[in-house]
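A.B. asks: Please find the sequence and the predicted model below.
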Amino acid sequence: ESSNILDLFKLDGKTALVTGAAQGIGFEIAKALGEAGAKVTIADMNPAVGEAAASSIGAAFEPLNVTDPAAVRTLAQKLDALDILVNNAGIVRNVPSEDISNADWEVVMSVNVNGVFWCCREFGKKMLDARKGSIISTSSMSGMISNHPQPQSGYNASKAAVIHLTRSLAGEWAGRGVRVNSVAPGYTATPMTILGLETPEWRETWLKETPMGRLAEPREIAPAVVYLASDASSFVTGHTLVVDGGYTV
Ligand code: NAI
């Protein structure tokens with residue numbers, strides 16, 4: 001059977017679920033997967049924003065807090081085995097390491113590491129039974145470099161954990177039809193950065209340290225996820241695809 005190379009990128013007939021997709025990078029990922037042909041579900045802990053976001057792109061919405069393993073299991077059991085899972089929900093706390101509270105440290109680990117793992121475990125189990133699936137997590141360039149001068153050691157450590165969890169699960173599941181990869185964005189213009197932690201000083205540092213001299217648009221992260229979700233990447237697993245305007249070079 002012959003086919004055009006572009007057909008490999010098509011997601012027609014596939015199902016996808018994207019966590020933390022009510023806004024920002026996750027929303028653009030959900031939109032792009034839908035445009036590539038997938039039937040998409042947005043899962044987010046913010047139903048007010050998430051439901052409107054989902055309906056704007058013809059996606060389904062499920063309320064989900066990824067830190068709750070029982071809720072993740074219930075949702076995985078409710079849905080048929082997914083073809084594509086995108087673990088995108090993530091948070092940051094910018095507090096100097098000598099001052100950070102137990103609660104701030106733990107909530108970052110709970111969302112960024114535990115949340116990714118609960119989703120991999122529960123949705124992954126069903127993918128393994130179906131012997132098919134592609135899991136993509138949104139890690140970060142912060143999992144590769146220390147991302148100074150921002151005081152976010154917990155975030156950096158959590159994203160390094162996502163990158164190595166990706167390799168570890170890829171190795172465990174490679175022989176059973178399930179691929180596991182991650183996409184590592186650099187500074188991207190989203191509510192997290194623009195509203196959450198931007199100061200003029202940091203913005204200047206980001207622009208100076210990003211060789212391309214600008215932030216990414218969320219729309220520029222999504223194609224990397226479409227690639228890893230699709231049959232175009234059928235022999236790629238355990239990989240972290242960096243989309244950072246050259247920051248980590
Ligand atoms: P954002 O803050 O704009 O959006 C995050 C979304 O995740 C929100 O809709 C929020 O409701 C949801 N969420 C948060 N905690 C959740 C939970 N426990 N369960 C379910 N949903 C939850 O963030 P942004 O910037 O779009 O980031 C998305 C991902 O990309 C995160 O994993 C982040 O760490 C990562 N990233 C972001 C970069 C940036 O510069 N914005 C750079 C590199 C990585």
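C.D. replies: Nice, I can see it.
A.B. asks: Mind naming the longest strand for the chain?
C.D. replies: strand 178-185 (DSSP state E).
A.B. asks: helices and strands around that one, which ones?
C.D. replies: Where contact means 3 or more CB pairs under 8 Å, 6 or more residues apart in numbering; DSSP states H and E, strand 178-185 is packed against helix 115-130, strand 133-138, helix 153-173, helix 222-229, strand 240-243. For every residue, glycine as well, the C-beta is placed using N, CA and C.
A.B. asks: again, only using 6 Å
C.D. replies: strand 133-138, helix 153-173, helix 222-229, strand 240-243 (3 or more CB pairs under 6 Å, 6 or more residues apart in numbering; DSSP states H and E).
A.B. asks: distance between it and the chain's centre?
C.D. replies: Taking CA atoms, centre = their mean, to the nearest Å, one finds strand 178-185 lying 8 Å from the centre of the chain it belongs to.
A.B. asks: ok, now stretch 77-94?
C.D. replies: Computed by CA atoms, centre = their mean, the chain-centroid distance of stretch 77-94 equals 7 Å.
A.B. asks: and that stretch, C-alpha only, in CSV?
C.D. replies: What follows is stretch 77-94, C-alpha atoms only, in CSV (Å, rounded to 0.1, in the frame of the first residue of the first chain):
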residue,chain,number,x,y,z
GLN,A,77,-12.1,3.2,33.1
LYS,A,78,-14.9,5.2,31.8
LEU,A,79,-13.2,5.9,28.4
ASP,A,80,-12.2,3.3,25.7
ALA,A,81,-8.5,2.8,25.4
LEU,A,82,-7.0,6.1,24.1
ASP,A,83,-4.7,6.2,21.0
ILE,A,84,-3.1,9.4,22.3
LEU,A,85,-2.5,10.7,25.9
VAL,A,86,-0.9,14.1,26.4
ASN,A,87,0.2,14.8,30.0
ASN,A,88,0.3,18.6,29.8
ALA,A,89,-1.0,19.8,33.2
GLY,A,90,1.8,21.4,35.1
ILE,A,91,2.4,24.2,37.6
VAL,A,92,5.3,26.3,38.8
ARG,A,93,6.1,28.0,42.2
ASN,A,94,8.7,30.7,42.1
